[in-house]
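Novice: curious how this folds, go ahead:
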Amino acid sequence: MIHCKKNTRFDELSRVILLFFVLICNPTGNYIQAQSEITMSQNACIPSLLNPGSAGKTGSYQAVGAFKKQWVGIKGAPQSSFLGVNGEVAFLKSFHGVGAIVTHDVEGALTTMNIAADYSYHIELDKGLLGLGLRVGVLNTAFKPSELSTVANGLEDDYHQSSDPLLQGSDESASAFDVGLGAFYQSSKSYLGLSVLHLTAPEMEMNSGARIKRRPLMNMAAGRKLRENASLGFEARANLMTDFSSTEIDVSLLANLKSKVTVGVGYRFQDAVFFQVGANLSSTFFVGYDYDLCVTDFSSQTSGGHEIILTYNFSVDIERRTKRYKSVRIL
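Specialist: Here you go, the predicted structure:
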């Protein structure tokens, strides 16, 4: 199963669901290699989604919410949600980042949830801040045959039969312990992140005996200011995600208008062109919107994808670093 769902065609999604049918009803308990990590076109604005090393990087506390609806107009297309909170704390004369995340991803009859806690040790460097992070959590995958349609266009055929034994099974789910590592460096002009999630290749076994194994996932992210002044600045970003079987790469260029509004355009290879706009509504509240224009063979079947993120920065009355490294993003 390909983790970069944005790079797959809808018929591949259907094939994945069929594969789940076969394995769930297979008494031999075979394995399925599964990878369906959620990703956002605005990953740079929410680095805690994929990198625990970014926890507490702002020096204050931050709450984040994000939602993405992909391939609008296609039944069963992915819908992804993310909630997170992180902040910086002082302990034993050093600074640390702590946080928690919840992700929820629905693809047809498949649902994946990840609940995890993040920790990051902060190291002050001459020109920036380095966070070395650990993520510990639980992965849960659920399969719901009751959500599948047994007819096509109101009629049964060779592929849609209500009496099909593969559709008679009950809903199932399974969970597994999960671990990830990450490093995140940020200066006043650039950022660089490297993480490996699902490091232990967690395995989930359904009641029917089917076993689902998640591949380790590596993410690399980078961004740099190309120009900056009081009225207009530019920033280039790049993001790579791979499970060493399939790879997703996107690049983007953004303009920052008076440190209040960002507008940008990007390209995800063999998948979509995306357009972004974001605004600081106050000194603590940011909202961002992204539209993905599909450029694959089935672009005529969908109107594209929509994504929105919200971030809220707040302070807690504890000891804080006096030295700050302002994010290269608008946040």
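
Novice: separation between residue 272 and residue 293?
Specialist: For residue 272, the distance to residue 293 (CB to CB, to the nearest Å) stands at 6 Å. Every C-beta, even on glycine, is put in place using the N, C-alpha and C of the backbone.

Novice: the two: who's more crowded?
Specialist: Legend: neighbour count by other CB atoms under 10 Å for residue 272 and residue 293, higher for residue 272 (24 against 15).

Novice: which helix or which strand is home to the residue lying closest to the more buried one once chain neighbours are set aside?
Specialist: Residue nearest to residue 272 in three dimensions, not counting chain neighbours: residue 292, with 4.3 Å by CB to CB, 6 or more residues apart in numbering. Using DSSP states H and E, residue 292 maps to strand 285-294.

Novice: packing partners for that strand?
Specialist: strand 272-280, strand 305-314 (3 or more CB pairs under 8 Å, 6 or more residues apart in numbering; DSSP states H and E).

Novice: in stretch 241-254, what's buried?
Specialist: For stretch 241-254, a neighbour-count test (16 or more other CB atoms under 10 Å) marks 241-243, 246, 248-250, 252, 254 as buried.

Novice: outside of that stretch, which residues touch it?
Specialist: 2-4, 6-7, 33, 35, 37, 39, 41, 50, 215-220, 234-240, 262-269, 271, 274, 276 (CB atoms under 8 Å, 6 or more residues apart in numbering).

Novice: distance from that stretch to the middle of the chain?
Specialist: Counting by CA atoms, centre = their mean, to the nearest Å, stretch 241-254 is centred 12 Å from the centre of its parent chain.

Novice: quick one on the thing from earlier: and for residue 272 and residue 293, which residues touch both?
Specialist: residue 304.

Novice: picking that back up, for the strand holding residue 292, buried residues please.
Specialist: In strand 285-294, counting by 16+ other CB under 10 Å, buried: 286, 288, 290-292, 294.

Novice: three-state assignment of the spatially most central residue of the chain?
Specialist: With distances taken as CA atoms, centre = their mean, residue 39 lies nearest the centre of the chain, 3.0 Å away. Of the three states, residue 39 takes coil under DSSP: H, G, I helix; E, B strand; the rest coil.

Novice: could you name the specific helix or strand carrying the nearest residue to it once chain neighbours are set aside?
Specialist: With CB to CB, 6+ apart as the criterion, residue 39 has its nearest non-adjacent residue at 6.1 Å, and that residue is residue 241. Here residue 241 is covered by strand 232-242, with elements defined by DSSP H and E.
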